[in-house]
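J.: This is a predicted model, with the sequence first.
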Amino acid sequence: MGQLTVSIRPEQRAKIQKVKEISGENVGLCMQCGTCSAVCPMVDSMNMTTRKAMHLLQYGLTDDVIDSKLAPLCASCHTCSVRCPRGIDVAKVFEAVRLLVSRQNIDTINLQEIAKGTLEKAPQIAFVSGFRKLTA
Amino acid sequence: MITDIKLSYYPGCTLKTKARNLEEAALGALTALGIEYQELERWNCCGAVFSLADDDLIHHLAPVRNLIRAAQQGSDTIVTLCSQCYNVLSRANQLVREDETKRKTLNDFMTEEPDYNGEVEVTHLLQLLRDRVGWETLRSKVKRPLDGLKVATFYGCTLIRPESVAINGPSPEIFEEFLRALGAEPVPFSAAQECCGSYQSVANPDAASDRAAKVLRSVQASGADALVLSCPLCEYNLGTRQGEILERIEDAVPIPSFYFTQLLAVALGLEPELCHLELNGEAALKLLKAREYIAAAPA
């Protein structure tokens, strides 16, 4: 039987390690069942499914996941985390992806771009949680 | 009178302003039920979301400081009304209790505070009502049963996930049991434990509206008269923003939404002013008056 070998570049290995370090989760455990995508409440608004993102993260392709803008759309509802048959806390993995961006001092939401109506009507809790998740 | 616990009440960022209807109804009900509490002194915002990063400790300081304030007040229990506050305080407490290294780092960092080792219990008002009052006692104190009111109980995310802090752990139907005690009829609906769109209503309002529309469609299909919830963010997404969200739904009918504490106060026969129904939108007040749960204003 022939074997398929996938080589992972050292810089990708470093990225796999980084996600592990921040999230405390091992994305290598993912078996690509897609449960996380099936239960994700935000999946319809995402350009990439969580299943695919997990697969890319297994190869350290974090930039592709960042470019997909999937992580900022995660609402941290934890449904994927409680349903994952491999016991991966998926919400923590995507928190790590968000942090890879915000720790470079990059904001994903900008106060100036929020609609006036939202600023007037939204409760404090919406701003606190939104800024906590999506700003540096 | 419940005096076997020393109880601190933690308001959180929104309850003194946009969610006064969540707070004042609850505090009136606590008094009516003979539950003594002290509002936490020098409380600070809990952070609204629990930090999920393993290497991030600084964001746990805010919730832990509140727990320290409760201990300083001589309390053994801290009660929250908001689902997110409940989630953040509970998880921070769990972290302090279970992770010795992180506990030590947090305590060493807060040189100005006494050490905290997880002495305080975090509870949500629904749990307090179940465990300290009991559904039968609550039922006996109801003066205006909400007979015939079909209610969709929205758990959302932070009351029940992750499992380690789920308020419905030993009783999966805690919210439904509460409503039955008030005389209402809980109606099952498929989106009861789904996300309302959360903070996406600030970051990606369109995506949040799509999400909220799915929840509201499910409530509508259940035949419920009203939606009941426990989180100011859920109320914003499903209540305050409902008008614009219903535009996305065919044959949409407005669904009045209430905080659970408002229905509690109404059923206990407290002054309707405590409920600040003006913050819920017209449909809410209209429903309660039409069903004569509260007296109609004199013409």
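T.: Yep, it's here.
J.: and the spatially closest residue to B:Leu22 that is not a sequence neighbour, how far is that from B:Val266?
T.: Take B:Leu22 and drop its neighbours on the chain: the residue closest to it by CB to CB, 6 or more residues apart in numbering or on different chains is B:Tyr259, 4.3 Å away. Bear in mind the C-beta positions are built from the backbone N, C-alpha and C, glycine included. Here B:Tyr259 is placed at a distance of 11 Å from B:Val266 (CB to CB, to the nearest Å).
J.: Name the residue in those two with the higher neighbour count.
T.: Neighbours were counted for B:Tyr259 and for B:Val266 using other CB atoms under 10 Å in any protein chain shown; B:Tyr259 has more, 28 against 25.
J.: can you pull the pLDDT of the more buried one?
T.: B:Tyr259 carries a pLDDT value of 98.
J.: B:Thr3 too?
T.: 62.
J.: now B:Glu292
T.: 96.
J.: Can you give me the neighbour number for it?
T.: B:Glu292 has 10 nearby residues by other CB under 10 Å.
J.: With the one 3 residues further on instead?
T.: B:Ala295 is surrounded by 10 other residues when neighbours are defined as other CB under 10 Å.
J.: ok, now B:Ser75?
T.: For B:Ser75, using other CB under 10 Å, the count is 22.
J.: One more: B:Val187?
T.: Neighbourhood size, B:Val187 [other CB under 10 Å]: 20.
J.: Please apply the same query to B:Glu100.
T.: B:Glu100: 10 neighbours (other CB under 10 Å).
J.: ok, it to B:Ala62 distance?
T.: Look at B:Glu100 and B:Ala62: by CB to CB, they are 21 Å apart.
J.: Kindly report the same for A:His78.
T.: Using CB to CB, A:His78 is found at 20 Å from B:Ala62.
J.: For those two, indicate the residue with more neighbours.
T.: Taking other CB under 10 Å, A:His78 and B:Ala62 do not tie; A:His78 has more neighbours (23 against 17).
J.: Got the confidence number for residue 92?
T.: This is for chain A. 98.
J.: that answer is for a different chain, and I need it for chain B
T.: With respect to pLDDT, B:Ala92 scores 98.
J.: looking at chain A, which helix or strand does the model trust least?
T.: Lowest by mean pLDDT, DSSP states H and E among the helices and strands of chain A is helix A:116-121, with a mean of 95.
J.: Whether it contacts chain B - can you check?
T.: Yes. Contact of helix A:116-121 with chain B (CB under 8 Å from any CB of the partner chain) involves A:118, A:121.
J.: buried ones in that helix?
T.: In terms of neighbour count (16 or more other CB atoms under 10 Å in any protein chain shown), helix A:116-121 has no buried residues at all.
J.: Can you name the element that comes right after it?
T.: Sequence-wise, the next helix or strand downstream of helix A:116-121 (DSSP states H and E) is helix A:124-134.
J.: A:Cys74 is in contact with A:Phe94, correct?
T.: Yes. Between A:Phe94 and A:Cys74 there is a contact under CB atoms under 8 Å: 4.6 Å.
J.: Just want the phi and psi numbers for residue 40.
T.: Defaulting to chain A. Backbone torsions of A:Cys40, given as degrees, to the nearest 10, read phi -70, psi 120.
J.: Just give the closest residue to it, not the sequence neighbours.
T.: Setting aside the residues directly before and after it, A:Cys40 is nearest to A:Thr50 in space (CB to CB, 6+ apart), at 5.5 Å.
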